[in-house]
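Chemist: Only the shape, not the letters, is given here:
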């Protein structure tokens, strides 16, 4: 059986309340928070 992520990527119906997808959403949220806190000085490094 395909994982929820495989179903999502192949544009099939999937359960978004999946632990693997939730972990990836949290990781993306943390990345975006760090990115949005980046200053002009940090961007040139």
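Modeler: Right, received. Where do you want to start? Note that the structure is predicted; figures quoted are calculated from it, not measured.
Chemist: Please, which helix or strand holds the residue of the chain most remote from its centre?
Modeler: Of all residues in the chain, residue 41 has its C-alpha farthest from the mean position, at 26.2 Å, by C-alpha atoms, centre = their mean. Using DSSP states H and E, residue 41 maps to helix 40-43.
Chemist: what pLDDT, on average, does that helix get?
Modeler: For helix 40-43, the mean per-residue pLDDT is 77.
Chemist: same question, stretch 25-33
Modeler: Stretch 25-33 shows a mean pLDDT of 97.
Chemist: now swap in stretch 6-20 and tell me
Modeler: The pLDDT scores in stretch 6-20 average 93.
Chemist: Show me which parts of that stretch are buried, residue by residue.
Modeler: 8, 14 (16 or more other C-beta atoms under 10 Å). (C-beta placed from N, C-alpha, C; glycine too.)
Chemist: for it, how far is the first residue from the last?
Modeler: 11 Å (C-alpha to C-alpha, to the nearest Å).
Chemist: Helices of the protein, start to end?
Modeler: In the chain, the helices defined using DSSP state H lie at 4-9, 19-36, 40-43.
Chemist: Need the winner for burial among the ones you listed.
Modeler: Burial of the helices of the chain is given as mean neighbour count (mean count of other C-beta atoms under 10 Å); helix 4-9 ranks first at a mean of 14.
Chemist: who's in contact with it?
Modeler: For helix 4-9, the external contacting residues (C-beta atoms under 8 Å, 6 or more residues apart in numbering) are 13-16, 18, 20-21, 24.
Chemist: Output those as CSV; include the columns distance to residue 3.
Modeler: Output for the contacts of helix 4-9, formatted as CSV (distance: C-beta to C-beta, whole Å):
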residue, distance to residue 3
13, 14
14, 9
15, 11
16, 13
18, 8
20, 7
21, 9
24, 11
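Chemist: related to what we said a few turns ago, now the helix holding residue 41: how far from the chain's centre is it?
Modeler: Taking C-alpha atoms, centre = their mean, to the nearest Å, one finds helix 40-43 lying 24 Å from the centre of the chain it belongs to.
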